[in-house]
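Peer 1: sequence first, predicted model second:
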Amino acid sequence: MTKTIRMRRAGGPEVMEYVDVELAPPAPGEAQVRHEAIGLNYIDVYFRTGLYPQELPAGLGKEGAGVVEAVGEGVTEVKVGDRVAYAGGPNGAYAQVRNVPAAMLVALPEKVDFDTAAAMMLQGMTAQYLLHRTVALKAGDTVLFHAAAGGVGLIASQWAKVLGVTLIGTVGSDDKAELARAHGAAHVINYNSENFVERVREITGGKGVRAVYDSIGKDTFTGSLDCLAPLGTMVSFGNASGPVPPFSLGELTSRGSLFITRPSLFSYIATREDLQATASSLFGIVASGEVKIAINQRYNLADVAQAHTELESRKTTGSSILVP
């Protein structure tokens, strides 16, 4: 038997149940991983609440790190005893042990520990594709990044500085502003005391930014468009305040022929080649020390309801992990 989190219905944190399950041997193409650490991400909230529908009953969690205990028929990507990490695929990471499609797993370098891997795989690979592929940033560019004190934001702030990109971050408190600055944000705006659109225009001398990275959604969407320079790109990659409401494409034309995209990490790592390249890029910059992963919250797996409550109320900063 192994402990896992199951939900029978969508809803609040109380729908997550800490239960015993009998785990079958890995099927062909699968590997069985004993987790040392599990990542906690806002996408988990979307699945729990039903914003992202899934067939119920179901597990939760998209990322983890641990050791391979068994492999199914035909598996060539990993072997028993390998240190591995993953992000994506079917929900179910909130567990002590689980079976995972082996093609999702990447070998974990010795310089990267389990806690760091579980805290950074989804958020770090998200930062990698946002800064390198969704918009191929170059030195001298200026961008706006909402939730700069969150897990993706702190990684992106450091990585942008390495690239020579000026990152303007938004946060919800003065404490979070200090945290974002300490991690490389060139300018920080507290949206609870300042108008972020006006401040961005001041900082850029009225020019606007090349790209806006917005994981907040409904509350910031229109303001984010107003921060863009002509031909700029709006990158909407989350819905923390709720889904973006319908809008007219004319809104993009009137602001200077803007581009807009709604990307997902899972499209960017859909092939084994892209997964390995993205993970390798992340591992390299973390191992170099140029980007540090801030694990600011640790929760026992049994206390996952508390973890979700604090995540939704924006009490967390940086990355969070669950300890099985």
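Peer 2: Structure received. Numbering: from 1, shown residues only.
Peer 1: tell me how far the residue nearest the centre of the chain lies from M1.
Peer 2: For the chain, the residue nearest the mean C-alpha position is Q123 (3.1 Å; C-alpha atoms, centre = their mean). From Q123 across to M1, the span is 31 Å (C-beta to C-beta, to the nearest Å). (Each C-beta comes from the backbone N, C-alpha and C, glycine too.)
Peer 1: hang on, the earlier thing: not counting its neighbours along the chain, what's nearest the residue nearest to the centre of the chain?
Peer 2: G151 (4.1 Å; C-beta to C-beta, 6 or more residues apart in numbering).
Peer 1: hmm, the one you found is touching A118, no?
Peer 2: No - G151 lies out of contact with A118 (C-beta atoms under 8 Å); the separation is 11.5 Å.
Peer 1: how close does K292 get to S157?
Peer 2: K292 sits 11 Å away from S157, going by C-beta to C-beta.
Peer 1: who touches both of these two?
Peer 2: Counting by C-beta atoms under 8 Å, 6 or more residues apart in numbering, the common neighbours of K292 and S157 are H183.
Peer 1: more crowded one of the two?
Peer 2: The neighbour count for K292 versus S157, taken as other C-beta atoms under 10 Å, is higher for S157 (27 against 16).
Peer 1: mind telling me what element the more buried one is part of?
Peer 2: helix 151-163 (DSSP states H and E).
Peer 1: give me the contacts around stretch 215-223.
Peer 2: Residues outside stretch 215-223 that contact it (C-beta under 8 Å, 6+ apart) are 42, 146-147, 150, 152, 170, 191, 196-197, 214, 236-245, 247, 251.
Peer 1: actually stretch 47-60, not the one I typed
Peer 2: Here stretch 47-60 makes contact (C-beta under 8 Å, 6+ apart) with 4-13, 15-16, 43-46, 91-95, 98, 239, 243, 308.
Peer 1: filter the residues you listed down to the buried ones, PyMOL style.
Peer 2: Buried residues within those, by 16 or more other C-beta atoms under 10 Å, are selected in PyMOL with:
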select buried, resi 4+5+6+7+10+13+15+16+43+44+45+46+91+92+93+94+95+98+239+308
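Peer 1: helices of the stretch 51-200 of the chain, residue ranges please.
Peer 2: Taking DSSP state H, counting those that start in this stretch, the helices of the stretch 51-200 of the chain run over residues 114-129, 151-163, 174-182, 196-203.
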